[in-house]
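# after the sequence you'll find the predicted model.
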Amino acid sequence: MEKLDLQALGLRALNEKLQNQTDETNQKDWEIINPRGSHAIAVGVDAPINVTVRGSTGYYCGGMNKQAHIHVDGSAGPGVAENMMSGTVTIDGDASQYAGATGHGGTLVIKGNAASRCGISMKGIDIVVHGNIGHMSAFMAQSGNLVVCGDAGDALGDSIYEARLFVRGAVKSLGADCIEKEMRPEHLDILRDLLEKAGCDAKPEEFKRYGSARQLYNFKIDNAY
Amino acid sequence: MCGIVGLFLKDKSLEADLGRMLSEMLVTMTDRGPDSAGIAVYNAHQAGQAKITVQADNPQVDFDGLDKKLGVAIGTSVKMDIRDTHAVLTMPQASLDTAMAELRQLDPVIRIMGRGESIEIYKEVGLPETVVSRFDIAKMSGTHGIGHTRMATESAVTTMGAHPFNTDSDQCLVHNGSLSNHNSLRRKLRRENIRIETENDTEVAAAYLTWKLQNGSSLGEALESSLNDLDGFFTFVVGTKDGFGVVRDPIACKPAVMAETDSYVAFGSEYRALVNLPNIEQARVWEPEPATVYFWNH
């Protein structure tokens, strides 16, 4: 375990150390102390390492992550795991707005609540939120899975493409072209797997699935204004 | 962007540290807006007295004899405490309105920053660190306070364009965001005889709340109706003589984090602003919900 003190080291030096790790690194375990809500902690990591952040982070923690397993022992600011490619990002507390935005792959687990625009424009990432999510979540979501064990805010899945949305609690309102869909056995399998990965004891059968009605103009040109 | 900080103390033993804590919080938010900075501090040291905070570009010349001139004009004694480009004029509460009117006539180089029984407002162009040290904010005590660091979008970078805006006794408002209907609303409010000094969008929001309060709304009701009548992006933090409120627009893209313990309620545009507060690790930390009014009173 290598311990990095963000306040002593500074952000650039800290990120450089993490970004310099390769597939062959022997230094697998890293701990970051004194994050104090700083921005862009552990962004752009591309190595199979474990990074634990002791405390809460600011904007863009774990952004562009590839391979690494990043764990925040606190809450995360806006844009956590933005554009993640692979690996995992786990937040013990809450996440601010646009968590997992534009993520291409990997798994983002939020053990508390996520604010607005969670999974906006997601492109293959899996996101599991143990609590609730805010308004405009999964806006223009293209691919991947968003699992919400609590409730969803207004306009869920507005202008959604092919992402799957699973919500256990209430959905305040659905966005344009987002509808409730049939939960088929293959969806229950996906959901069971994601819940297990996220350490969540909810049952797949308790969820409803939402997705695209495929009626917007990009699916049906006759519906263009 | 813009950065906002706010601190409302429940524990009287922290009051002596209010200025220091607010100053540290505000400096942390410097990179959200380096154009200008301001702080409103609430402290009611003298019962029955009211304060007007004024600013002038050449304080040595412009403040020379101002207390005596104002005292003669309103027929009572006025005490003046100068801090850099600002001065706090203290007078009996009953003379506040007359003093405001006289000050506006007395000398056009004197700009009014704020007035009330307990509010003092210090704001200038420059970095938060410079502004808080110029006015020695760290040594100020108080019951609650609000700070703002500005990245200007809707009006010029001037002292008058800096936040907080005070549009009536002991009220103040700071804003992160921009309003798109401020011109039409300013015209409407001026027709209602609400005084608005600048072309700044935030002053219109402050004046809007003043207008609502003057027409019988509670602060909570005024903030609720702002959600319908103000068009644009906003996270507002407002102060009154004994209260502290927060509201965000329904889209809520302007960030906000709050923390509450038995000793205080704190607001920051980011969590970074809160990390030095006492027992922050044990505080309840949350993001205020969109289109939801939060309010605390002493």
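Alright, I've got the coordinates.

# CA only for contacts and neighbour counts going forward, please
Will do.

# please, which helix or strand holds the residue in chain A positioned nearest to chain B?
Chain A approaches chain B most closely through A:G37 (4.5 Å), counting by C-alpha to the nearest C-alpha. When secondary structure is defined by DSSP states H and E, A:G37 falls outside every helix and strand.

# mind naming the longest helix for chain A?
Secondary structure of chain A per DSSP state H: the longest helix is helix A:185-197.

# elements contacting that helix?
For helix A:185-197, the packing partners by 3 or more C-alpha pairs under 8 Å, 6 or more residues apart in numbering or on different chains; DSSP states H and E come out as strand A:123-129.

# buried stuff in stretch A:24-39?
Going by neighbour count (16 or more other C-alpha atoms under 10 Å in any protein chain shown), the buried part of stretch A:24-39 is A:28, A:30-39.

# can you give the contact residues for the next helix or strand after the longest helix of chain A?
Once the chain leaves helix A:185-197, the next helix or strand it forms, by DSSP H and E, is strand A:208-212. Contacts with strand A:208-212, where a contact means C-alpha atoms under 8 Å, 6 or more residues apart in numbering or on different chains, come from A:157, A:159-168, A:177-183.

# distance from strand A:208-212 to the middle of the chain?
Here strand A:208-212 is found 18 Å from its chain centre; the criterion is C-alpha atoms, centre = their mean, to the nearest Å.

# now that strand against helix A:185-197, angle please.
Between the direction of strand A:208-212 and that of helix A:185-197, the angle (axes from the mean of the first three to the mean of the last three C-alpha atoms, to 10 degrees) works out to 110 degrees.

# for PyMOL, what selects the buried ones among the contacts of strand A:208-212?
Selection of the buried residues among the contacts of strand A:208-212 in PyMOL, burial being defined by 16+ other C-alpha under 10 Å:
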select buried, chain A and resi 157+159+160+161+162+163+164+165+166+167+168+177+178+179
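
# ends of stretch A:142-152, how far apart?
18 Å (C-alpha to C-alpha, to the nearest Å).

# buried ones in that stretch?
Within stretch A:142-152, the residues that qualify as buried by neighbour count (16+ other C-alpha under 10 Å) are A:142-152.

# what about that stretch, average pLDDT?
Averaged over stretch A:142-152, pLDDT sits at 98.

# repeat that for stretch B:252-267.
Across stretch B:252-267, the per-residue pLDDT values average to 97.

# can you get me the start-to-end distance on that stretch?
Its first and final residues considered, stretch B:252-267 spans 15 Å by C-alpha to C-alpha.

# now stretch A:200-215
Distances were taken as C-alpha to C-alpha; on that basis the terminal residues of stretch A:200-215 are 34 Å apart.

# where exactly do the helices run in chain B?
Assignment of helices within chain B using DSSP H yields the ranges B:18-28, B:59-62, B:66-74, B:96-106, B:128-134, B:182-191, B:201-214, B:219-229.

# next: chain A.
Across chain A, reading from the start of the chain, the helices by DSSP H fall at A:6-9, A:11-19, A:185-197.

# quick one: average pLDDT of the longest one?
Mean pLDDT, taken over the full extent of helix A:185-197, equals 98.

# still on that earlier bit, could you export the helices of chain B to CSV, including columns for mean neighbour count?
As requested, those are arranged in CSV below (neighbours: other C-alpha atoms under 10 Å in any protein chain shown):
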stretch, mean neighbour count
helix B:18-28, 25
helix B:59-62, 14
helix B:66-74, 18
helix B:96-106, 16
helix B:128-134, 20
helix B:182-191, 16
helix B:201-214, 23
helix B:219-229, 18
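
# so which of these gets nearest A:K172?
Of all those, it is helix B:219-229 that lies closest to A:K172, at 19.4 Å by C-alpha to C-alpha.

# one step back: any chance of the helices of chain A in JSON lines, plus mean neighbour count?
Compiled in JSON lines, those are given as follows (neighbours: other C-alpha under 10 Å):
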{"stretch": "helix A:6-9", "mean neighbour count": "14"}
{"stretch": "helix A:11-19", "mean neighbour count": "16"}
{"stretch": "helix A:185-197", "mean neighbour count": "15"}
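
# for B:I4, which non-adjacent residue is spatially closest?
When the adjacent residues along the chain are set aside, B:I4 lies closest to B:H148, with 4.6 Å between them (C-alpha to C-alpha, 6 or more residues apart in numbering or on different chains).

# and the contacts of stretch A:165-175?
The set of residues that contact stretch A:165-175 without belonging to it, under C-alpha under 8 Å, 6+ apart, is A:136, A:145-159, A:191, A:206-211.

# quick one: the most centrally placed residue in chain B from B:M151, how far?
Chain B has B:P164 as the residue nearest its centroid, 3.2 Å off, counting by C-alpha atoms, centre = their mean. For B:P164, the distance to B:M151 (C-alpha to C-alpha) stands at 13 Å.

# what residues does chain A have near chain B?
Residues of chain A lying near chain B by C-alpha under 8 Å from any C-alpha of the partner chain: A:36-38, A:56-58, A:77, A:96-97, A:115.

# setting aside sequence neighbours, what's the nearest residue to A:G103?
Leaving out its chain neighbours, the residue that sits closest to A:G103 by C-alpha to C-alpha, 6+ apart is A:N83, at 3.9 Å.

# quick check: the one you found touching A:A99?
No. At 9.6 Å, A:N83 does not count as touching A:A99 under the criterion of C-alpha atoms under 8 Å.

# chain neighbours aside, what residue packs nearest to residue 38?
Since you didn't name a chain, this refers to chain A. Excluding the flanking residues, the one nearest A:S38 by C-alpha to C-alpha, 6+ apart is A:G58, at 4.8 Å.

# oops, chain B please
Using C-alpha to C-alpha, 6+ apart and skipping residues adjacent in sequence, the residue nearest B:G38 is B:K123, 3.8 Å away.

# quick one: pLDDT of A:F139?
At A:F139 the predicted local confidence, pLDDT, stands at 98.

# repeat for A:Y225
Turning to A:Y225, the model gives it a pLDDT of 71.

# same check, this time on B:H298
pLDDT, B:H298: 87.

# go on, B:L22?
The predicted local distance difference test score for B:L22 is 98.

# quick one: contacts for the spatially closest residue to B:D11 that is not a sequence neighbour?
The shortest distance from B:D11 to any non-neighbouring residue, by C-alpha to C-alpha, 6+ apart, is to B:S263 (4.6 Å). Under the criterion of C-alpha under 8 Å, 6+ apart, the contact partners of B:S263 comprise B:9-11, B:14.

# that's all I had, so thanks and see you.
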